[in-house]
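1. Got a predicted model here, sequence first, then my questions.
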Amino acid sequence: MVPGRLVTLRPMEPSDAEALWRWNHDPEVMRWMDDGYAQPLAQVRKRMEERPRNAYGDVLHGIEVQEDGRLIGLVRLRDAEPETGCAELDIYLGEKECWGRGYATDAMRTMCRYGFEKMRLHKISLTVVTENEAAHHVYRKVGFVDEGRLRQVFRRDGRWYDMFTMGLLEGELRN
Ligand SMILES: CC(C)(COP(=O)(O)OP(=O)(O)OC[C@H]1O[C@@H](n2cnc3c(N)ncnc32)[C@H](O)[C@@H]1OP(=O)(O)O)[C@@H](O)C(=O)NCCC(=O)NCCS
């Protein structure tokens, strides 16, 4: 368990598969994310059951609201390499009614602190579709800076969108 101020990060359980399946099939949640191909619930459950344990190269945490213990989303630090001290971060909140309450901001800070303090990372990077203004705002608020713009790398509803690449160095996390 990794406690934040409003949320607690915890390992994902096979019993979380149903929530995950629901989020991944919600077009509003997936609006600016790679939604892949639709999967049956049984497949998602199997994937969760067979998922290797969290380790340096791939840490997946569920985001739980401290007030009521409800799972509302997930945050992941992946592709960490000890040689470079760099990792990539992904986050989303699948429970839409929980948007706008500061939960993602708190989950970002908590996961980045975990990355820098426990995993001794030097840098955390992410990408975000330029139109995803809420996410871009949250990332900047916690200290990420724009490092580049990838032209037309995200396709949705027949249109191409650009993405920002963003980075946060050790010592740059803002509270
Ligand atoms: C993006 C997301 C993670 C934000 O989570 P959240 O819990 O609502 O974020 P918070 O409540 O911590 O903060 C939201 C901030 O964005 C701001 N915001 C909301 N909509 C905005 C918009 N359209 N433009 C600019 N800022 C916006 C809010 O005012 C708030 O900022 P403030 O605290 O300075 O007032 C969440 O909406 C989500 O998971 N969306 C779907 C999946 C997704 O897009 N994930 C990111 C992929 S890169």
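-> On my side now, so go ahead.
2. Any buried residues in the longest helix anywhere in the chain, and which?
-> Secondary structure of the chain read by DSSP state H shows that its longest helix is helix 103-117. For helix 103-117, burial by neighbour count (16 or more other CB atoms under 10 Å) applies to 103-112, 114-116. In this view, the C-beta of every residue, glycine as well, is placed from N, C-alpha and C.
3. Please name the residues that touch residue 159.
-> Residue 159 makes contact with no residue under the criterion CB atoms under 8 Å, 6 or more residues apart in numbering.
4. tally of neighbours for the nearest residue to residue 116 once chain neighbours are set aside?
-> Take residue 116 and drop its neighbours on the chain: the residue closest to it by CB to CB, 6 or more residues apart in numbering is residue 170, 5.1 Å away. Using other CB atoms under 10 Å, residue 170 has 15 other residues around it.
5. which residues does the residue most central in space within the chain form a beta bridge with?
-> The residue lying closest to the centre of the chain (CA atoms, centre = their mean) is residue 91, at 1.5 Å. Legend: beta-bridge partners of residue 91 under DSSP bridges are residue 75.
6. Hmm, it is touching residue 73, no?
-> Yes - here residue 91 lies in contact with residue 73, judged by CB atoms under 8 Å, at a distance of 7.0 Å.
7. if I look at these two, which residues touch both of them?
-> Counting by CB under 8 Å, 6+ apart, the residues touching both residue 91 and residue 73 are 63, 104, 107.
8. Need the pLDDT of residue 50.
-> At residue 50, the predicted lDDT confidence score is 97.
9. Equivalent analysis for residue 76, please.
-> Residue 76 carries a pLDDT value of 98.
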